[in-house]
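Colleague: structure for this input, please:
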Amino acid sequence: MKATVGDRLLVHGNTVGERDRTGVITEVMGPDGEPPYTVRFDDGHTVVVFPGPDALVVHT
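Modeller: Numbers count the residues shown, from 1 in each chain. Reported below is the predicted structural model:
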């Protein structure tokens, strides 16, 4: 998985009733665009994320 600042991260809900989460990647801490990423989710929370197989980078 590779990303740049400004790309969006989509994390699919993995249980019934759990909504997908989306946010903007504000920092790429791994080499060559690899994780971990700092993500500001649309609900306002900012966290460091090591995306799993349920996540997708949407390039902008």
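Colleague: give the buried residues for stretch 37-52.
Modeller: Neighbour-count burial for stretch 37-52, counted by 16 or more other C-beta atoms under 10 Å, picks out 37-39, 49, 51. Any C-beta I mention is one placed from the backbone N, CA and C, and that applies to glycine too.
Colleague: nearest to Arg8 among these?
Modeller: The shortest approach to Arg8 among the buried residues of stretch 37-52 belongs to Val39, at 8.9 Å (C-beta to C-beta).
Colleague: start to end distance for stretch 5-16?
Modeller: Chord length of stretch 5-16, first to last residue, is 31 Å (C-alpha to C-alpha, to the nearest Å).
Colleague: which members of the buried residues of stretch 37-52 define the maximum pairwise distance?
Modeller: Thr38 and Pro51 (12.0 Å).
Colleague: before we move on, the earlier item: which ones among the buried residues of stretch 37-52 map onto strands?
Modeller: By the criterion of DSSP state E, membership of the buried residues of stretch 37-52 in strands covers 37-39, 49.
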